[in-house]
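Visitor: Generate coordinates for the sequence data below:
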Amino acid sequence: MMLMRAVFIDRDGTITQEGDGLFYRYDQIKISRNAAEAIKILNKSFLVIMITNQPVVARGLCSEEDVMEINSRVAKELEKQWARIDGVYFCPHHPEQHADVPEHARKYRIACECRKPKIGMIEQAAKDFSIEVGRSFFIGDQSTDMETAKNAGCVSVLVKTGLKGEDGKYKAEPNYVCDDILDAANLIDSIKDISAVILAGGRGERMGPLTDKVPKPMLPLKGRPILEHQISLLKRHGITEILVCGHYLFEKIKGHFGDGSRFGVHMTYVDDGPAPLGSGGALKNAGKFIKSGDFLVFNGDVATNINVSKLIRFHLERKSMTTPVLRNTDHPLDSDIVEMDNNNMITRFIGRGQEEIRTAITGIFMLNRDFLNIMPDGKSSLEKDGISNAIRTGKVYGYLSGDYFKDIGTPERYRKVEKEFPV
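Guide: The predicted model follows:
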C-alpha cells in the first residue's frame, strides 16, 4: 500500500487569526487572509490535516459538538475558495484540575495522549489516511506545535503569526521559520522533492588498514557508521530520497542500508565503475538518477551536524546554481579555498597550498540540476572543476556555517572526530 504525505496544520493563529481569549463560538473566528491560497498550494501534493488543541471543552465553555461544528464551518468556508481540508482532529482535554471547573466538564480534565505536544492526533490521522509521517510537515505558530512535530518526526515550520513561537513552553527549534501560512506553503512546495546524493566511493588509502575491509563512510562513529549519521541528519530535515554513489566494498553499504526503509528513507545506489571518477565524475555519472531540480550533495566521509534546513532556504532564496557549504578552516594548506564577496557570491576558486585565505569548502553542497550540465565528462573534481566552471555563471553563493564539520581523511582526524563529534 502506498503511503501518503501530509501537512498537519494548527488552527488558531495559523489557519485562523489569533485573538483575545479562547475561541468557543464561530463568530469569534476570522480565517487568515492567505489561508485558502496556502491550502490550495498544499492540496496539489499533500493531504491537509488540521490538528488543534481545544481545551475550551475542558473549561466548560462549549461541548465537543460545538468544536466539531466550528471546525466544520472553517473547512466549509475554505472550501468556498477551493481549498480542501482533508481531515480534522482536536483534543478536548486539559491535564490540570481546578475547583471552578463545571461538573459536566470534569471528565475532560485528564492527562491524555492526544493533547499536543503528544502525538495521538497525528497517529490517528496516519492510521485513518495511511500517512507516512516521517515525510510529512507540520505548520504552527507555537513552540507546542514544533515540539509535536519533533515528537512525531515531521519537518516543522513555524509561522510568525498568532503567538509567533513566543509561548515559551518548549525549546524545540523549528526546521523553518516563515512569515505566515502562505509563505510556509510556498516553502513546502519548493522543498518537497529535494533529494540528496552521498558520494561514498573513495578507497580511503590514507586510512591504512582501517579501510581494508570496511569502506571509509562505514567506519563507526559513536557506535554507528558515519554514513548512518548523515542519513539520520538528512531524515530529520525531511530529506528522504537518498542516492549513494560508490564502488569500493559497495556491497557493505548496500547490505547495511538495503532500500532504506529501516531508516525511514528510500535509498538508490549507483556504481561508479572500476575506474576512479573523482567526486565530479561520480556525480555526473549519477545524473540520470537524480530526479529533483535542487539536491544536496554530501561527501561520505564528512562528520557534521549542519542545519540542513537553513542551507536549503539560503540556496533557494538566492536562486543559486551552486551553493557550497563553507567554514573557516585551521588547515588551509590542504583545504579547497574560495574567495567570496560581501553578498556571499563566490568570485574565485583558489584551491590548496596557501595560508592567507581560510574560507574552505566542507564537502557539502546544495546544487541545481543545471550544475550537471557544466561538469566535464570523465574523471573530475566537484570542487576544482565544478566550482571553477560554475563561478563563470555568477550563480555560485557560499553558505558560511559555524556548524560542526570534520572529514575523516586520516587516522588522526578520525580519532579526533570520535572524541568530539556532537551526538
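
Visitor: Longest helix in this structure, please.
Guide: If you go by DSSP state H, the chain has its longest helix at helix 64-79.

Visitor: Run the chain-centre distance for whichever helix or strand comes after that one.
Guide: Next helix or strand after helix 64-79 toward the C-terminus (DSSP states H and E): strand 87-91. The chain centroid and the centroid of strand 87-91 are separated by 25 Å, computed with C-alpha atoms, centre = their mean, to the nearest Å.

Visitor: For strand 87-91, give the mean pLDDT please.
Guide: Per-residue pLDDT values over strand 87-91 give a mean of 98.

Visitor: ok and the longest helix of the chain relative to strand 87-91, angle-wise?
Guide: 150 degrees (axes from the mean of the first three to the mean of the last three C-alpha atoms, to 10 degrees).

Visitor: just checking, what packs against helix 64-79?
Guide: Helix 64-79 is packed against helix 35-43, strand 47-53, strand 87-91, with contacts defined by 3 or more C-beta pairs under 8 Å, 6 or more residues apart in numbering; DSSP states H and E. Heads up, the C-betas are built off the backbone N, CA and C, glycines and all.

Visitor: report the angle between the axes of the shortest one and strand 47-53?
Guide: Inter-element angle recorded for strand 87-91 and strand 47-53: 10 degrees (by the same axes, to 10 degrees).

Visitor: before we move on, the earlier item: so for the longest helix of the chain, what gets flagged as buried?
Guide: By neighbour count on 16 or more other C-beta atoms under 10 Å, the buried set for helix 64-79 is 66-67, 70-71, 74-75, 77-78.

Visitor: Turn those into JSON lines, including distance to G287.
Guide: Formatted as JSON lines, the buried residues of helix 64-79 follow (distance: C-beta to C-beta, whole Å):
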{"residue": "D66", "distance to G287": "56"}
{"residue": "V67", "distance to G287": "52"}
{"residue": "I70", "distance to G287": "51"}
{"residue": "N71", "distance to G287": "47"}
{"residue": "V74", "distance to G287": "46"}
{"residue": "A75", "distance to G287": "43"}
{"residue": "E77", "distance to G287": "46"}
{"residue": "L78", "distance to G287": "41"}
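
Visitor: ok, so what distance separates the closest residue to C154 other than its chain neighbours from K127?
Guide: Nearest residue to C154, sequence neighbours excluded (C-beta to C-beta, 6 or more residues apart in numbering): F138, at 4.4 Å. For F138, the distance to K127 equals 17 Å [C-beta to C-beta, to the nearest Å].

Visitor: Which of those two has more residues huddled nearby?
Guide: Of the pair F138 and K127, F138 is the one with more neighbours under other C-beta atoms under 10 Å, namely 28 against 9.

Visitor: Could you give the bridge partners of that one?
Guide: Listed by DSSP bridges, the beta-bridge partners for F138 are F8, S156.

Visitor: so E113 touches G120, yeah?
Guide: Yes: shown here, E113 and G120 form a contact pair, counting by C-beta atoms under 8 Å, at 3.9 Å.

Visitor: Tell me which residue lies farthest from the centre of this protein.
Guide: In the chain, the residue that sits farthest from the middle, by C-alpha atoms, centre = their mean, is E103; the gap is 45.3 Å.

Visitor: what's the spacing between that residue and F8?
Guide: Distance of E103 to F8, computed by C-beta to C-beta: 34 Å.

Visitor: swap in I15?
Guide: 11 Å.

Visitor: F250 too?
Guide: Distance from F250 to F8, by C-beta to C-beta: 38 Å.

Visitor: One more: R73?
Guide: Taken as C-beta to C-beta, the span from R73 to F8 is 20 Å.

Visitor: What of N307?
Guide: Taking C-beta to C-beta, one finds N307 at 22 Å from F8.

Visitor: circling back: chain center to the longest helix of the chain: distance?
Guide: A distance of 31 Å separates the centroid of the chain from that of helix 64-79, by C-alpha atoms, centre = their mean.

Visitor: Equivalent analysis for stretch 170-183, please.
Guide: Using C-alpha atoms, centre = their mean, the offset of stretch 170-183 from its chain centre is 12 Å.

Visitor: what does stretch 303-316 give?
Guide: Relative to its chain's centre, stretch 303-316 lies at 8 Å (C-alpha atoms, centre = their mean).

Visitor: now stretch 38-46
Guide: 19 Å.

Visitor: And stretch 316-335, by the same measure?
Guide: A distance of 20 Å separates the centroid of the chain from that of stretch 316-335, by C-alpha atoms, centre = their mean.

Visitor: Span of that stretch from start to end?
Guide: Its start and end residues considered, stretch 316-335 measures 26 Å (C-alpha to C-alpha, to the nearest Å).

Visitor: could you give me the average pLDDT of it?
Guide: The pLDDT scores in stretch 316-335 average 93.

Visitor: All good on my end, thank you.
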